[in-house]
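Q: Could you look at this predicted model? Sequence included:
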Amino acid sequence: MKLIRIFVICALTIFFIKCSSFTRNPIITDIFTADPAVLVYQDTVFLYAGHDEAPVGTAEYVMHDWYVFSSTDMVHWTSKGACLSAKDFSWAGDHAYAGQCVYRDGKFYWYVPMGHKKDSLSNGGFAIGVAVSTSLTGPFTDAIGKALITNEMTTDKTHSWDDIDPTVFIDDDGQAYLYWGNKSCRYVKLKSNMIELDGPISVVTLDNFEEAPWLYKRNDTYYLVYAALFPEYIDYATSNSPTGPWTYRGRITDTAYNSTTIHPAIIDYHGDSYLFYHNGALPTGGDYRRSICLDYLYYDSNGTIKKVTQTTNGVKAVK
């Protein structure tokens with residue numbers, strides 16, 4: 001019996017060691033998280049996440065703040081807590097939807113969409129604000145005291161919540177671009193101070209575009225990844241310019257488990273490429289109680305993205 005007990009203990013130990021070397025999707029399990037955006041800074045990965053707070057059975061998004069998590073091995077994630085809230089913007093009502101944080105010249109700029117109060121600057125609908133901090137985790141403050149993008153500025157708007165899901169990309173020449181949208185994708189250049197528009201807003205034509213654009217550059221090719229159709233897949237397009245024209249390249253991954261939405265973020269870290277997204281896999285999870293996941297992403301030799309199979313194991317720990 002003693003030998004059997006020793007064997008069982010050894011087997012369980014090996015099992016847990018193996019499990020701990022993988023992320024085990026979803027990667028955040030103590031709260032419901034959605035809409036990942038990722039920033040690599042000083043060899044640490046920072047995950048900026050929406051926070052689903054809808055009670056079980058509630059068929060609407062309940063989101064008041066955004067959380068930050070960090071990791072140096074892609075497996076163990078440390079919560080930095082709720083680092084920004086819709087209450088930090090005097091002009092905002094609620095609905096802390098998908099945002100992204102970027103670094104420039106010693107400051108961190110966090111672009112976030114929220115419902116706009118009816119006031120002298122807007123008649124309501126969704127708007128995009130920008131918060132700034134000298135720290136990755138804040139405290140963040142409203143950088144301009146008003147929305148950067150309001151519903152009135154997109155004259156081709158299809159509905160009142162199309163100004164959501166901002167992504168910001170800073171090109172090699174220092175020019176920054178803001179992309180965003182739901183049903184219709186748009187972009188605008190940003191001035192070097194990151195808090196002013198630098199030109200007109202343009203509409204982008206993308207096959208199957210639904211929402212959640214994510215813009216990045218690899219070698220000499222620009223990639224625009226986005227949630228497509230509904231229920232949502234992840235598709236992508238490429239260009240030799242950050243403003244297009246964009247060539248549709250196909251599907252990166254299929255719909256997420258137990259969730260009609262999916263939200264992409266892609267980074268390179270220690271020689272590997274990663275796709276972040278969300279699903280509804282946690283107990284009591286679903287469309288309004290989502291959880292962020294992580295899997296490897298691979299490219300063919302010609303730069304096209306291979307289709308990603310969503311897994312429960314996730315990725316191995318970075319050494």
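A: Nice, thanks for sending it over. What you see is a predicted model, and the numbers here were worked out from it, not measured in a lab.
Q: Okay, and the beta partners of Ala82?
A: Assessed by DSSP bridges, Ala82 has beta-bridge partners Tyr67.
Q: Identify the residues contacting it.
A: By Cβ atoms under 8 Å, 6 or more residues apart in numbering, the residues touching Ala82 are 51, 65-67. For every residue, glycine as well, the C-beta is placed using N, CA and C.
Q: Same list, the residues you listed, but as TSV with pLDDT please.
A: Shown next, in TSV, are the contacts of Ala82 (pLDDT from 0 to 100):
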residue	pLDDT
His51	98
Asp65	98
Trp66	98
Tyr67	98
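Q: Ranking by neighbours, what's the top pick from these?
A: Trp66 (27 neighbours; other Cβ atoms under 10 Å).
Q: just checking, that residue touches Gly81?
A: No - the pair Trp66 / Gly81 is not scored as a contact, 10.3 Å apart, by Cβ atoms under 8 Å.
Q: From Gly271, how far out is Met63?
A: According to Cβ to Cβ, to the nearest Å, Met63 and Gly271 sit 34 Å apart.
Q: higher neighbour count, those two?
A: Met63 (22 against 6).
Q: Could you check how far the host helix or strand of His278 is from the centre of its chain?
A: If you go by DSSP states H and E, His278 is part of strand 272-279. Distance of strand 272-279 from its chain centroid, counting by Cα atoms, centre = their mean, to the nearest Å, is 10 Å.
Q: In terms of secondary structure, what does it contact?
A: strand 32-41, strand 247-253, strand 265-269, strand 291-297 (3 or more Cβ pairs under 8 Å, 6 or more residues apart in numbering; DSSP states H and E).
Q: okay, these in a markdown table with mean neighbour count, distance to Gly124 and mean pLDDT next?
A: Shown next, in a markdown table, are the helices and strands packed on strand 272-279 (neighbours: other Cβ atoms under 10 Å; distance: least, Cβ to Cβ, whole Å; pLDDT from 0 to 100):
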| stretch | mean neighbour count | distance to Gly124 | mean pLDDT |
| --- | --- | --- | --- |
| strand 32-41 | 23 | 22 | 98 |
| strand 247-253 | 17 | 34 | 98 |
| strand 265-269 | 19 | 29 | 98 |
| strand 291-297 | 23 | 30 | 98 |
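Q: In a markdown table: those strands, plus distance to Asn240.
A: What follows is the helices and strands packed on strand 272-279, written out as a markdown table (distance: least, Cβ to Cβ, whole Å):
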| stretch | distance to Asn240 |
| --- | --- |
| strand 32-41 | 24 |
| strand 247-253 | 9 |
| strand 265-269 | 19 |
| strand 291-297 | 21 |
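Q: mind checking which of those is nearest Lys319?
A: strand 265-269 (12.1 Å; Cβ to Cβ).
Q: orientation of the closest one relative to strand 32-41 in degrees?
A: 40 degrees (axes from the mean of the first three to the mean of the last three Cα atoms, to 10 degrees).
Q: hmm, who's touching strand 265-269?
A: Here strand 265-269 makes contact (Cβ under 8 Å, 6+ apart) with 36-38, 40, 45, 74, 100, 214, 216, 218, 223, 225, 273-277, 297, 318.
Q: contacting residues for Glu180?
A: You called it Glu, but residue 180 is Trp. 113, 128, 149, 163-167, 186-187, 213.
Q: same check, this time on Gly50
A: With Cβ under 8 Å, 6+ apart, Gly50 has these contacts: 33-35, 63, 66-67, 96-99.
Q: gap between it and Val68?
A: For Gly50 relative to Val68 (Cβ to Cβ), the value is 11 Å.
Q: Please report how far His95 lies from Asp254.
A: Separation of His95 from Asp254 (Cβ to Cβ) stands at 27 Å.
Q: Between the two, which has more neighbouring residues?
A: Higher neighbour count among His95 and Asp254: His95, with 18 against 15, using other Cβ under 10 Å.
Q: so what's the closest residue to the more buried one other than its chain neighbours up against?
A: For His95, ignoring the flanking residues on the chain, the nearest one in space by Cβ to Cβ, 6 or more residues apart in numbering is Gly115 at 4.5 Å. Neighbouring residues of Gly115 by Cβ under 8 Å, 6+ apart: 92-95, 124-127.
Q: Name the helix or strand for Gly115, please.
A: Counting by DSSP H and E, Gly115 is part of strand 107-115.
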